[in-house]
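**Student:** Provided below are the primary sequence and the corresponding predicted coordinates.
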Amino acid sequence: MAAVSMDVEAGRDDKKKGFHQDLVLAYKTLGVVFGGLVTSPLYVYPSMNLTNPTEEDYLGIYSIMFWTLTLIGVIKYICIALHADDHGEGGTFAMYSLLCQHANIGILPSKKIYIEEEDLVSTEPAVTRRPSRLRRFIERSIVARRLLLLTAILGMCMLIRDGILTPAISVLSAIDGLRGPFPSVSKPVVEVVSAAILIGLFLLQKYGTSKVSFIFSPIMAAWTFTTPIIGIYSIWRYYPGIFKALSPHYIIMFFMTNQKRGWQLLGGTVLCITGAEAMFADLGHFSKRSIQIAFLTSIYPSLVLTYAGQTAYLINNVDDFSDGFYKFVPRPVYWPMFVIATLAAIVASQSLISATFSVIKQSVALDYFPRVKVVHTSRNKEGEVYSPETNYILMLFCVGAILGLGDGKDIGNAFGVVVIMVMLITTVLLSLVMLIIWDTHVVLVALYFVPFLILEGTYVSAVCTKILKGGWMPFAVSLLLALIMFGWYYGRQRKAEYEMANKVTLERLGELLAGADVHRVSGLCFFYSNMQDWLTPVLAHYIRNMRSLHKVTIFLTLRYLLVAKVDAKDRVAIRRLGPNGVYGCTIQYGYADPLDTEEDELADLVVGALRDHITEEEVALLEEAREAGVVHIRGKMRFHVGKDTGFFDRVLLGFYEFLHSTCRSALPALGIPLQQCVEIGMLSKA
């Protein structure tokens, strides 16, 4: 009984500790996840092209915003989407990865990301259920699989574009508050100040999300709790009956009265849900429960009350919509709110910047994006990452958006296109997750899919009218990103096809080494390969041309685990590959494990593990080989684009080769002396 009592107490302590940890994380989400969403009152009304609005117009607009926040924010993201994570990662590409893991719908052979509990070789048969009709259709149709990949790519590109526009519109709208008390301040001055602030923010990113959120969370807490207080004051003073607009009746009346003009105004109201996608995309930085707690207890009530207060003020001051935030702030607290708004706008930029880092990391890990440097900035949270190249490119685009578009309405038009397109793509992919992975009944999926398709489809139709008024910008950048991703994907697909057709099996390796003119030369060779089920074709190319292989050759594969650190006993796995002196070695590492080893440290690690698995005679051969010299060989296969190559391949594979030559190496820096490194190039006819 005493033991049972102790177990119960321990369970309670764990629950209390877990809940306390969730509360701390929920507080931190204010500084990272919800910045874009909670600061949307700065620019929603100013982005609308209202003409002689009436009381009924404002009531209809508020009703639309309330139900948009409720349906998309609460129902779609908080209640459903957050559960569609891939090992704790969220976003459109995480859902695509999840679909690829549960069905044979990926275009490229997936780079499997192992979890800690998995063995090197699974001996248990997988338990599978009969695949659904939809899954079988997608698996059989290459067109459907390519469309699915294109959808995921487009969602990722739009989210990256969101990471450019959120900082631009948030900071620009906040700094624009200077022009009220000081009319002499010109728009170019506001733009330059906004650009300078954002440059400073991007320079802070290298310190990591945790440190940034620790600085920013108090600012967002101040914003989140002061704006609804002003909203309540505004409701009491200007229009106490504002909450009657929660009835959908006012939405119907709004469209009946305004018709086409009301439909066009949806391009502005959609901005009230700006940043909601970050709740899902930033999931890897925090936890599901922390995001749910923060949204339901602070963000959602804050937005509902703030928009209610703004609308109550505008009903009594119908022509002040172009500066709908600052004019609704009471004069005595104008300057404190200006300071808080400016700081909050800076924080708002953080949510989509962090989300962009997450989706870049996911796509690089899945081999759908050129390799860029990804740095893990936390030893406790796998999803917390920073990419230097991505950060500075985002900074250039963001400053360019401010100085290029300048006008808040133009950026708002561009922003609306991005916001709703990402959400519509999420709806489509989430419906596929429900059907293929969760095995949800088709009726329940329809109850989710149809209403959100109608809601978001209507928004899409409205924002498409803004294409020529700034909306072209996200499409231009997204198209550029999509071209990069497709060019990379096509090259990787062709490379995978070649490697599959020319793979070196253990039997083939034995045949190559059995050749009369092939010699086993002195020395120890580490031959790097990212292929886990067979040996790279570069090996056959090397043996055929060099007519030799080192007496001891170890084929080395580095494997990434979803844990912070790998225990020393689990670090290295050795297997004998058949021919004398030829071994396979897998080194497992976590995201917080340092890979910049000292000279000879890697060799010591592998040789030490190998000694425990071989005979005394083989140990003597190993030591003799090491004394003779150590060499590290990396193979690199390239396409030869000749004159007889078709135009399509010439363009795409030429573009892939350009990307491949400029991106980072697939292997991390291991601190290997340069004099021991050899790269073996291999040309394949395109």
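**Tutor:** On my side now, so go ahead.

**Student:** going forward, measure contacts between C-alpha atoms and count neighbours the same way
**Tutor:** Will do.

**Student:** hmm, what's the outermost residue in the chain?
**Tutor:** Residue farthest from the centre of the chain, counting by C-alpha atoms, centre = their mean, is Ala516 at 52.6 Å.

**Student:** backbone phi and psi for that one, please?
**Tutor:** Main-chain dihedrals, Ala516, degrees, to the nearest 10: phi -60, psi -30.

**Student:** Please give me every residue in contact with Thr440.
**Tutor:** Met434 (C-alpha atoms under 8 Å, 6 or more residues apart in numbering).

**Student:** Let's verify it: helix, strand, or coil?
**Tutor:** What DSSP: H, G, I helix; E, B strand; the rest coil gives for Thr440 is coil.

**Student:** Pull up the gap between the residue nearest the centre of the chain and Leu481, please.
**Tutor:** By C-alpha atoms, centre = their mean, the chain has its centre lying nearest to Val359, at 1.6 Å. From Val359 over to Leu481 the distance is 13 Å, taken as C-alpha to C-alpha, to the nearest Å.

**Student:** With Ile554 instead?
**Tutor:** For Ile554, the distance to Leu481 - C-alpha to C-alpha - is 39 Å.

**Student:** Who has more neighbours out of the two?
**Tutor:** Neighbours were counted for Ile554 and for Leu481 using other C-alpha atoms under 10 Å; Ile554 has more, 26 against 20.

**Student:** quick one: which helix or strand includes the more buried one?
**Tutor:** strand 548-560 (DSSP states H and E).

**Student:** now do Ile315
**Tutor:** helix 300-316.

**Student:** average model confidence for that helix?
**Tutor:** The average of the pLDDT scores along helix 300-316 is 95.

**Student:** For it, give me every contacting residue.
**Tutor:** Residues outside helix 300-316 that contact it (C-alpha under 8 Å, 6+ apart) are 38, 41, 54-55, 58-59, 62, 66, 69, 224-225, 227-235, 238-240, 242-243, 320-321, 324-325, 328.

**Student:** That one: which residues count as buried?
**Tutor:** Within helix 300-316, the residues scored as buried using 16 or more other C-alpha atoms under 10 Å are 300, 302-315.

**Student:** Can you list phi and psi of Ala514 for me?
**Tutor:** Ala514 adopts backbone torsions of phi -80, psi -10, taken as degrees, to the nearest 10.

**Student:** where in the stretch 1-150 of the chain is pLDDT low?
**Tutor:** The model of the stretch 1-150 of the chain has pLDDT under 70 over residues 1-18, 106-131.

**Student:** Also the stretch 351-500 of the chain?
**Tutor:** Applying pLDDT under 70 to the stretch 351-500 of the chain picks out residues 351-352, 362, 365-366, 376, 378-384, 405-415, 467-475.

**Student:** Okay, domains of this protein per the record?
**Tutor:** Structurally, the chain divides into domains by the TED database as follows: 1-123+135-369+379-469, 503-685.

**Student:** Now, of the contacts of helix 300-316, which are buried?
**Tutor:** The buried subset of the contacts of helix 300-316 (16+ other C-alpha under 10 Å) comprises 38, 41, 54, 58-59, 62, 66, 69, 224, 227-228, 230-235, 238-239, 242-243, 320-321, 324-325, 328.

**Student:** Take those and keep only those in helices.
**Tutor:** 38, 58-59, 62, 66, 224, 227-228, 230-235, 238 (DSSP state H).

**Student:** from those residues, which single one is nearest Leu524?
**Tutor:** Each of those was scored against Leu524 by C-alpha to C-alpha, and Val38 proved nearest at 59.3 Å.

**Student:** Now do the same contact list for that closest one.
**Tutor:** For Val38, the contacting residues are Thr224, Ile299, Ser302, Leu303, Ala348, by C-alpha under 8 Å, 6+ apart.

**Student:** Go again with 7 Å.
**Tutor:** Thr224, Ile299, Leu303 (C-alpha atoms under 7 Å, 6 or more residues apart in numbering).
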